[in-house]
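*Asks:* Next one to model:
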Amino acid sequence: MKYLLLLYGDEAGSADASPEDMSAMMREYEAFDALVKEAGVLAGGEGLEPTSAATTLRYADGGLVRTDGPFAETREQLGGFYVLECKDLEEALGWAAKVPDLPAGGSVEVRPVIDYEAYG
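*Replies:* Down below sits the predicted model:
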C-alpha cells in the first residue's frame, strides 16, 4: 500500500539558515533518500519551493479568485513529500520517524493513498 508522507516545518528557519546549515540539512535528506531507495519503498517525492511561490485558486462570490501565497496562515508549511510503498501503516510510521526535520520541530503527516483498483 502507498503512503504519503507530508513534511511540515517552519519556513522561517530555512530563510535564516546559512549556506552551511542548508548544505548539512540537504545531506541529511540525501541520507534518508538513500535509505528508502535501498529498502525499495520509495515510490516518489519532491521538495517544494517556499509558500511565497504558491498560488491558490478558489471560488468566491460566484467566481474564481486567484491569491498569491498559501490559502491558510499557519505556523508550519508544507515543504515536501514522499510517497512510500509499505506493507502497512506501522512500516510507514517507522519511515516517517526517520525524516530528518522531525527532531528539529517539524511534523510528518502520514496518509494512505487511495487504491482506486480496489474500487473496481
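
*Asks:* okay, CA-based contacts and neighbour counts for the rest of this
*Replies:* Will do.

*Asks:* Return the set of buried residues in the longest helix seen in the chain.
*Replies:* When the chain is parsed with DSSP state H, its longest helix is helix 19-38. Across helix 19-38, burial judged by 16 or more other CA atoms under 10 Å covers 25, 29, 32-33, 36.

*Asks:* I'd like the average pLDDT over the helix or strand where residue 82 lies.
*Replies:* Take DSSP states H and E as the rule and residue 82 turns out to sit in strand 77-85. Averaged across strand 77-85, pLDDT comes to 95.

*Asks:* Can you check what angle separates that strand from helix 19-38?
*Replies:* Between strand 77-85 and helix 19-38, the angle comes out at 20 degrees (axes from the mean of the first three to the mean of the last three CA atoms, to 10 degrees).

*Asks:* Same question for strand 77-85: list its buried residues.
*Replies:* 77-85.

*Asks:* Now tabulate these in a markdown table and tack on distance to residue 1.
*Replies:* Below are these laid out as a markdown table (distance: CA to CA, whole Å):
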| residue | distance to residue 1 |
| --- | --- |
| 77 | 26 |
| 78 | 23 |
| 79 | 23 |
| 80 | 20 |
| 81 | 16 |
| 82 | 14 |
| 83 | 10 |
| 84 | 8 |
| 85 | 6 |
